[in-house]
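*Asks:* this is the structure alone, sequence omitted:
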């Protein structure tokens, strides 16, 4: 904890000076872009980013970390280290590749099968993998080639390993510009079960109809094969049936780009956006359970409705801005389905622990999602600009999650509070966040809460 406090002191001292030098939004322009022709209509664009987390975690009761009993754990690790390449071969044809690693700690996240001490020991040398890889063809362009005016209707078709899985804005959120330190994660409802880090192989249609934006996809979910249990649905889809998904939103004010699937979390006072949207995800026979010893198959049916507001307020020269997001999610995975997980969890259960263990497991695990209803909301204010330049922009924020899951008798309340220090917009920022989670000792018993403090150092170019 002393290390965390020392780091905060350094950050606040730098922020108060107001003269942090960094490459970012004011210097970024088109970024790392290689034009293939003189007109710039054919090009290759590169984006790379890192998100390093320094954390102090209050562990769930009965936690071991590398074989040692731990109530609190300090660590530094990589939440994301990624690279994206966008190749625009013509105004109508694009290929996108996105690869990297996630969740590497001092203990886990390393290459498959690695353990113990040495060159391939705990947490070391993770393997790069593709997050996205798809090709896309414009059927009806957004811009009329002859009049140079916007078409009232546009459509593109794509195929590959893609991120157009519908459901909600948060489900297709960019990881580069969250307002809070990260996603609430439950919005990626199938993550690392029937998808590949929130992606699936499939085909998709996307486009706009005036102020409406639409995204539809048909996908082949990855195989799941957990053993069915009595009265509780688990991920087992056999020879998986195709899933369908979609998301549609109405954009009242400024129109957002849909060249790439990634939704923005905060425009840092540069746009005036208000959208409302609704989405779904459906896979027939995606889970199984037992009823009196007989296998029962269940559809995965997920729905959401959400709203996003991001706009400047007050005097224009001050560039103060308000950012709000709220979404309600209705999930049905089958009876009593529940999934417990924690981001970059370094804990395992202590078999010798004599007290009452957390129902979710060790470390920072929590009831992540399940059959039931979940609500998430966040709000932040970008504080006014200073008259001195360059100057750090500061954005305090808070978030709240409510989960009412069928497998748990009591609803859960989750809280996040933090501040962004924008050195050069999202291109270079530091985020501080403190989060709490309820500790379920049984489905009808909550024993207080545990906390987690995170400092994120983000750079993307």
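*Replies:* Ah, there it is. Owing to the predicted nature of the structure, the values given are computational and were not obtained by experimental measurement.

*Asks:* C-alpha only now, for contacts and for neighbours.
*Replies:* Noted.

*Asks:* residues in contact with residue 53?
*Replies:* Counting by Cα atoms under 8 Å, 6 or more residues apart in numbering, residue 53 touches 76, 77, 78, 79, 454, 455, 456, 457.

*Asks:* recalculate using a threshold of 6 Å.
*Replies:* Contact partners of residue 53, counting by Cα atoms under 6 Å, 6 or more residues apart in numbering, are 76, 77, 455, 456.

*Asks:* same check, this time on residue 318
*Replies:* The contact partners of residue 318, taken as Cα under 6 Å, 6+ apart, are 384, 385.

*Asks:* pLDDT at residue 21, what is it?
*Replies:* pLDDT for residue 21: 33.

*Asks:* out of the contacts of residue 53, who's the most crowded?
*Replies:* residue 455 (25 neighbours; other Cα atoms under 10 Å).

*Asks:* where's residue 161 relative to residue 221, distance?
*Replies:* Distance, residue 161 to residue 221, by Cα to Cα, to the nearest Å: 11 Å.

*Asks:* looking at the contacts of residue 53, which are in strands?
*Replies:* 76, 77, 455, 456 (DSSP state E).

*Asks:* excluding covalently adjacent residues, which one is nearest to the second one?
*Replies:* The reference is to residue 77. In space, residue 77 comes closest to residue 105 once its chain neighbours are excluded; the distance is 4.5 Å by Cα to Cα, 6 or more residues apart in numbering.

*Asks:* does that neighbour really touch residue 80, like I thought?
*Replies:* No - applying Cα atoms under 6 Å as the test, residue 105 and residue 80 come out as separate, 10.9 Å apart.

*Asks:* about what we covered before: now the ones in strands among the contacts of residue 53 in JSON lines, please, with extra columns for pLDDT and distance to residue 441.
*Replies:* What follows is the ones in strands among the contacts of residue 53, written out as JSON lines (pLDDT from 0 to 100; distance: Cα to Cα, whole Å):
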{"residue": "76", "pLDDT": "98", "distance to residue 441": "29"}
{"residue": "77", "pLDDT": "98", "distance to residue 441": "29"}
{"residue": "455", "pLDDT": "98", "distance to residue 441": "29"}
{"residue": "456", "pLDDT": "98", "distance to residue 441": "30"}
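
*Asks:* same list (those) but as TSV, adding distance to residue 370.
*Replies:* Converted to TSV, the ones in strands among the contacts of residue 53 look like this (distance: Cα to Cα, whole Å):
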residue	distance to residue 370
76	30
77	28
455	29
456	28
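
*Asks:* farthest pair within those residues?
*Replies:* 77 and 455 (10.8 Å; Cα to Cα).

*Asks:* quick revisit: number of nearby residues for the residue nearest to residue 77?
*Replies:* Neighbours of residue 105 (other Cα under 10 Å): 20.

*Asks:* distance check, it against residue 429.
*Replies:* 21 Å.

*Asks:* and what of residue 126?
*Replies:* 25 Å.

*Asks:* neighbour count for those two, which is higher?
*Replies:* A direct count of neighbours by other Cα under 10 Å for residue 126 and residue 429 places residue 429 higher, at 23 against 18.

*Asks:* residue contacts, the closest residue to the more buried one other than its chain neighbours?
*Replies:* The spatial neighbour of residue 429 that comes closest, neighbours along the chain excluded (Cα to Cα, 6+ apart), is residue 422 at 4.5 Å. Counting by Cα under 6 Å, 6+ apart, residue 422 makes contact with 392, 393, 429.

*Asks:* stretch 199-217: end-to-end distance?
*Replies:* 11 Å.

*Asks:* could you list the buried residues of it?
*Replies:* 199-208, 211-217 (16 or more other Cα atoms under 10 Å).

*Asks:* got it, and stretch 285-300?
*Replies:* For stretch 285-300, burial by neighbour count (16+ other Cα under 10 Å) applies to 285, 286, 287, 288, 289, 290, 296, 297, 298, 299, 300.

*Asks:* what lies in contact with that stretch?
*Replies:* Against stretch 285-300 from outside (Cα under 6 Å, 6+ apart): 228-237, 282-284, 332-334.

*Asks:* can you check stretch 442-453 too?
*Replies:* Stretch 442-453 has contacts (Cα under 6 Å, 6+ apart) with 55-58, 359, 408-410, 433-440.

*Asks:* show me the strands in the stretch 351-461 of the chain, by range?
*Replies:* 366-370, 372-382, 393-405, 412-422, 428-442, 445-460 (DSSP state E, counting those that start in this stretch).

*Asks:* isn't residue 373 up against residue 328?
*Replies:* No - counting by Cα under 6 Å, residue 328 is not a contact partner of residue 373; they are 7.3 Å apart.

*Asks:* one step back: just put the contacts of residue 422 in a markdown table and tack on pLDDT and distance to residue 44.
*Replies:* Output for the contacts of residue 422, formatted as a markdown table (pLDDT from 0 to 100; distance: Cα to Cα, whole Å):
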| residue | pLDDT | distance to residue 44 |
| --- | --- | --- |
| 392 | 91 | 31 |
| 393 | 95 | 31 |
| 429 | 97 | 26 |
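
*Asks:* save these as TSV, and put in distance to residue 131 too.
*Replies:* Below are the contacts of residue 422 laid out as TSV (distance: Cα to Cα, whole Å):
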residue	distance to residue 131
392	32
393	31
429	24
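
*Asks:* wait, which of the residues you listed is closest to residue 353?
*Replies:* residue 429 (40.6 Å).

*Asks:* contacts only, for that closest one.
*Replies:* 421, 422, 423, 458.

*Asks:* can I get those in TSV with pLDDT?
*Replies:* Converted to TSV, the contacts of residue 429 look like this (pLDDT from 0 to 100):
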residue	pLDDT
421	97
422	96
423	93
458	97
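
*Asks:* most neighbours among those, which one?
*Replies:* Taking other Cα under 10 Å as the neighbour criterion, residue 423 ranks highest of these with 25 neighbours.

*Asks:* who's in contact with that residue?
*Replies:* Counted by Cα under 6 Å, 6+ apart, residue 423 has contacts 392, 429.

*Asks:* phi first, then psi, for it.
*Replies:* Backbone torsions of residue 423, given as degrees, to the nearest 10, read phi -80, psi -40.

*Asks:* do residue 347 as well
*Replies:* phi -100, psi 150.

*Asks:* I'd like the distance between it and residue 383.
*Replies:* From residue 347 to residue 383 the distance is 38 Å (Cα to Cα).

*Asks:* tell me the pLDDT of residue 2.
*Replies:* pLDDT, residue 2: 53.

*Asks:* let me redo that: residue 388
*Replies:* pLDDT for residue 388: 70.

*Asks:* could you do the one 10 residues further on as well?
*Replies:* The predicted structure scores residue 398 at 98 on the pLDDT scale.

*Asks:* what kind of secondary structure is the residue nearest to the spatial centre of the chain in?
*Replies:* Nearest to the mean C-alpha position of the chain, by Cα atoms, centre = their mean, lies residue 183 at 4.0 Å. Secondary structure, DSSP: H, G, I helix; E, B strand; the rest coil: residue 183 is coil.

*Asks:* and if you look at the one 3 residues further on?
*Replies:* Secondary structure state of residue 186, per three-state DSSP, is coil.

*Asks:* was I right about it contacting residue 370?
*Replies:* No - if you go by Cα under 6 Å, residue 186 and residue 370 don't touch, sitting 8.7 Å apart.
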